[in-house]
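Asker: Dropping a prediction and its sequence here:
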Amino acid sequence: MADPSSFSNHLNVVIRSTKLDWKVDMAAKTIAGRVDHEVEGITEDSKEIILDARDLTVEKVLWKGVEIPFNYEKVNPALGDRLSMAIPALSKGDRATLSISYRTSPSARALQFLTPAQTSDKKGPFLFSQCQAIHARSIVPCQDTPAVKAPYTSKVSVPAGLTCLMSAISAGSDTAAGKEQWVFQFDQSIPVPSYLIAIVVGVLEQREIGPRSAVWAEPSVVEKSAKEFVETEQFIKAAEEICGEYVWKRYDLVVLPSTFPYGGMENPCLTFVTPTIITGDRSLVSVVAHEIAHSWTGNLVTTANWDHFWLNEGFTVYLERKIIEKVYGTARRYFDAREGWDSLPETLKQVIPEHSKLRQNLGGVDPDDAFSSIPYEKGSSLLLWLEQEVLSEDETRAFLRDHVNLFSQKALDTETWLASMLARYPKMKDREAVVNEWLYGEGMPPKQPKFVDESLIVECVAVVADLLSSATPSAARFAALDSSQKVFVMNALAEKAPLDVAKLELLAAPAFGIATTHNCELLCPWIKAGMESKWEPIIPVALEFAKTYGRLKFCKKTYSLLFAWDASRQLAKDQFEREKPNMHPITVQQVEALLNKYK
Ligand SMILES: CC/C=C\C/C=C\C[C@@H](O)/C=C/C=C/C=C\[C@@H](O)CCCC(=O)O
Ligand SMILES: [Zn+2]
């Protein structure tokens, strides 16, 4: 299947393995070096190789060790550039090595370089990557499509004193004292798509948190990170009971600076996480359960291209909540599922109708521009509904393990999945029309799954009613909720905005602990409620929040609110212009797209 987000001719010639030899220049903000791709002819007598690239400077290309000409063409802003080479006819099944010497741009979309001053501890510079969906092409010329999976090895040279980690197993390092460069080697022997290539470089410390897990972070962050993620092994074991063996050997986590655009990223062997999930009470570690779940759904069973992203994320959220059920109980599973379902109407207000579909038709659109929680929540609610309406108890117990065993190491698309479901589950046929509507229809799903255990939700709903209807709502009743329930309540309250100023001033009282929280999941809906109520005291809070946290879930939402209100728009524009140099390129691109609506 061709990938609409890739220029590569992977249906003719495919990469079978990749070898990276990189030197990271933290001062110049570049990675320079060489990539050796072992390629194989898929169709007879292929005479060209086309790779994806973006803002790369290619210096030399070798084919079987001999220099060959190449053409580097900038194609378009959404999908980047095309690197093409004419090669002697490559027969079907024949293999050869393509070597490319190149360097990245200081503005590479996948990379953020931070100065020491921009880090928590200010002990050294920092670099981290984000390749999903189509940013790997800005750090290596490749077949930047999830349809192609290949093992990779790497050798990375970094300034002495900095630790380098990758989405692979360590294969040794040379960090001898007195050397100007330290060299780290890695080996990812399991075939992975390009979006799962990942690197982080910085002053990092490690704490073991389980028999196959450690957490890495800057020194001042590592202890609290280790405490926050202490349940990691329990999550992995729960997932293995559901899906089968964890095949990636290590499951480490690295806590990134607050500019990291996402909650987590499922880079194999080394999950990247935002510091915003470190709350001290482990109330947001479902993100870790989510990234662990990706070790099966997403990293083994992978979407064929970004039109079918829901196969990665809908399945992963469904598996994440089954892990949560095993570790925390059934009530928590359905609490999270109900909260996700309740978030859909607000999400639908933010996306164009075409992007509200589960099965996308992105064409040449940058997948980042279509990204939302639709694949996560509309996708996982379909699987929950199928569990309740179509699958028997035995079929449900085996469902995810069968899915992984059937499609592991394959590039899966929606139509193949649906045909397989119809063939394997007798009751699917009767529900095919509903499933088609769920997959291909716009807006809310045609059915609502049952939230079987609402014991954690009942009190939340009552507190929301009290906060909205009472002139003197009970701060004690709100304070008695756990963190997740408070987030549920704040999200529900924000949905009811605009609120009376008197109500907001009352909720801002210290007894509620909302205005002073450091929990971003609580602060974000509070800011939304204030901004949508045109409550001016919230503007400085919103500006500081958008500046402090680069996670798109919070930053994009808050800038959207700030740009939408005349009273805050210019302040937000000025702040955004000042802060751009400190922001991740992906975040800059997304906030700029918001701002363009007001130009
Ligand atoms: C329908 C969209 C089609 C394709 C989008 C594919 C990738 C989008 C790209 O922006 C990468 C997303 C990476 C997400 C990483 C982690 C998420 O699971 C969590 C995001 C929300 C959060 O911050 O919690
Ligand atoms: Zn995910």
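Answerer: The structure has been received and is ready for your questions. Ligands and ions are numbered 1, 2, ... in the order given.

Asker: Packing partners of whichever strand or helix holds Pro88?
Answerer: Counting by DSSP states H and E, the element that carries Pro88 is strand 80-90. Secondary structure elements in contact with strand 80-90, counted by 3 or more Cβ pairs under 8 Å, 6 or more residues apart in numbering; DSSP states H and E, are strand 46-53, strand 57-63, strand 71-76, strand 95-103. To be clear about C-beta, it is placed using only N, CA and C from the backbone, and glycine gets the same treatment.

Asker: Strand partners (parallel or antiparallel) of that strand?
Answerer: Each strand that strand 80-90 pairs with, and the sense of that pairing, follows from DSSP bridges: strand 46-53 (antiparallel), strand 71-76 (antiparallel).

Asker: Send me the longest one as PDB with only the CA atoms.
Answerer: As requested, the backbone C-alpha atoms of strand 46-53 are provided in PDB (Å, rounded to 0.1, in the frame of the first residue of the first chain):
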ATOM      1  CA  SER A  46      14.200  -1.400  -9.900                       C
ATOM      2  CA  LYS A  47      16.400   1.500 -11.300                       C
ATOM      3  CA  GLU A  48      15.600   4.200  -8.700                       C
ATOM      4  CA  ILE A  49      15.500   4.700  -5.000                       C
ATOM      5  CA  ILE A  50      13.400   7.600  -3.600                       C
ATOM      6  CA  LEU A  51      13.800   8.500   0.100                       C
ATOM      7  CA  ASP A  52      12.000  11.000   2.300                       C
ATOM      8  CA  ALA A  53      14.000  14.000   3.600                       C
END
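
Asker: Which residues outside it are in contact with it?
Answerer: When contacts are defined by Cβ atoms under 8 Å, 6 or more residues apart in numbering, strand 46-53 is touched by residues 6-9, 12-13, 39, 72, 79-90, 98, 134, 136-138, 141-145.

Asker: From those residues, keep the buried residues only.
Answerer: Of all these considered here, the ones buried according to neighbour count by 16 or more other Cβ atoms under 10 Å are 6-9, 12-13, 39, 72, 79-85, 87, 90, 98, 134, 136-138, 141-145.

Asker: Tell me who's in contact with Leu391.
Answerer: With contacts taken as Cβ under 8 Å, 6+ apart, Leu391 has the following neighbours: 399, 425, 427.

Asker: Now do the same for the first one: its pLDDT.
Answerer: Read it as Phe399. What the model reports for Phe399 is a pLDDT of 98.

Asker: Helices of the stretch 301-450 of the chain, start to end?
Answerer: 309-328, 330-350, 367-370, 379-389, 393-407, 414-424, 432-440 (DSSP state H, counting those that start in this stretch).

Asker: Please identify the deepest-packed of these.
Answerer: Comparing the helices of the stretch 301-450 of the chain on average neighbours per residue, with mean count of other Cβ atoms under 10 Å, the densest one is helix 309-328 at a mean of 25.

Asker: tilt between that one and helix 379-389?
Answerer: Between the axis of helix 309-328 and that of helix 379-389 there is an angle of 70 degrees, by axes from the mean of the first three to the mean of the last three Cα atoms, to 10 degrees.

Asker: How about helix 309-328 and ligand 1, touching?
Answerer: Yes - taking Cβ under 6 Å from any ligand atom as the criterion, helix 309-328 and ligand 1 are in contact, through Phe309.

Asker: May I have that helix exported as PDB, CA atoms only?
Answerer: Written as PDB, here are the backbone C-alpha positions of helix 309-328 (Å, rounded to 0.1, in the frame of the first residue of the first chain):
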ATOM      1  CA  PHE A 309      -3.600   6.000  13.100                       C
ATOM      2  CA  TRP A 310      -6.600   4.900  15.200                       C
ATOM      3  CA  LEU A 311      -5.400   1.300  14.900                       C
ATOM      4  CA  ASN A 312      -2.300   2.500  16.900                       C
ATOM      5  CA  GLU A 313      -4.100   4.700  19.400                       C
ATOM      6  CA  GLY A 314      -7.600   3.300  19.700                       C
ATOM      7  CA  PHE A 315      -6.200  -0.100  20.500                       C
ATOM      8  CA  THR A 316      -3.600   1.300  22.800                       C
ATOM      9  CA  VAL A 317      -6.100   3.300  24.900                       C
ATOM     10  CA  TYR A 318      -8.300   0.200  25.000                       C
ATOM     11  CA  LEU A 319      -5.300  -1.900  26.200                       C
ATOM     12  CA  GLU A 320      -4.200   0.900  28.600                       C
ATOM     13  CA  ARG A 321      -7.500   0.800  30.300                       C
ATOM     14  CA  LYS A 322      -7.400  -3.000  30.700                       C
ATOM     15  CA  ILE A 323      -4.000  -2.600  32.300                       C
ATOM     16  CA  ILE A 324      -5.400   0.100  34.600                       C
ATOM     17  CA  GLU A 325      -8.300  -2.300  35.400                       C
ATOM     18  CA  LYS A 326      -5.800  -5.100  36.400                       C
ATOM     19  CA  VAL A 327      -3.700  -2.800  38.500                       C
ATOM     20  CA  TYR A 328      -6.300  -0.400  40.000                       C
END
